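S.K.: With the sequence up front, the predicted model follows.
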Amino acid sequence: MRKLYLTGALFASALAVAGCNKAATTNNAAAPAASNAAAPAAPAAPGNAAGGTEGAAPAAGQQNFNLVNNTGHTVVTLNVSASNQNSWGEDILGRDTLANGETAQITFPHGETECNFDIRATYDDGGTTDARGINLCQVATVTLTAN
């Protein structure tokens, strides 16, 4: 299992969000955005509860999750950003890729308090999948699946 650490833009977003003191919601449905027909389906967010209470700030690192690639494609870029941000964070895979059947552990910086995140995977065929509003305080595993 690979470990990936979110840094840079996400950390800056976390600092900005930390001052907002907004109550968390419990929407953990992954709704896909319009995507290329060859792209795999939106990620499924199984109910692996990692704890968390609506309205309460999560413990640091509680948003960490495992990303499972069951698409039949290789994930070449992966962007994760807080749902209240207007742009995607940097590619957290860097030069790495996530092959079909592999799992990556996504780890957030200490002190992150946001729960709802958007995830974008880009595949080796150029297709993308966007999952919006995933409550990572309650979901411990996000699985990318094929159409």
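M.R.: Great, that's in hand.
S.K.: Show me where this protein has its helices.
M.R.: 9-18 (DSSP state H).
S.K.: For it, give me the ranges with low pLDDT.
M.R.: Across the chain, residues meeting the criterion (pLDDT under 70) sit at 1-61, 110, 147.
S.K.: hmm, try it at 90
M.R.: Low-confidence regions of the chain, defined here as pLDDT under 90, cover residues 1-63, 89, 107-114, 145-147.
S.K.: Strands of that one, residue ranges please.
M.R.: When secondary structure is read from DSSP state E, the chain shows strands at 2-5, 31-32, 65-70, 75-82, 103-107, 116-123, 128-135, 141-145.
S.K.: Adding mean neighbour count and distance to Asp96, write those out as CSV.
M.R.: Placement of C-beta: from N, CA and C, glycine included. Conversion of these to CSV gives the following (neighbours: other C-beta atoms under 10 Å; distance: least, C-beta to C-beta, whole Å):
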stretch, mean neighbour count, distance to Asp96
strand 2-5, 13, 7
strand 31-32, 13, 24
strand 65-70, 20, 12
strand 75-82, 22, 9
strand 103-107, 17, 8
strand 116-123, 23, 13
strand 128-135, 20, 18
strand 141-145, 19, 16
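S.K.: can I assume Tyr123 is in contact with Val76?
M.R.: Yes. At 6.6 Å, Tyr123 and Val76 qualify as touching, with contact defined as C-beta atoms under 8 Å.
S.K.: what residues are shared contacts of the two?
M.R.: Between them, Tyr123 and Val76 share no contacting residue under C-beta atoms under 8 Å, 6 or more residues apart in numbering.
S.K.: related to what we said a few turns ago, now the strands of the chain in a markdown table, with distance to Trp88?
M.R.: What follows is the strands of the chain, written out as a markdown table (distance: least, C-beta to C-beta, whole Å):
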| stretch | distance to Trp88 |
| --- | --- |
| strand 2-5 | 15 |
| strand 31-32 | 15 |
| strand 65-70 | 15 |
| strand 75-82 | 4 |
| strand 103-107 | 15 |
| strand 116-123 | 6 |
| strand 128-135 | 9 |
| strand 141-145 | 16 |
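S.K.: nearest to Arg95, of those?
M.R.: Each of these was scored for nearness to Arg95 using C-beta to C-beta, and the closest is strand 75-82 (10.0 Å).
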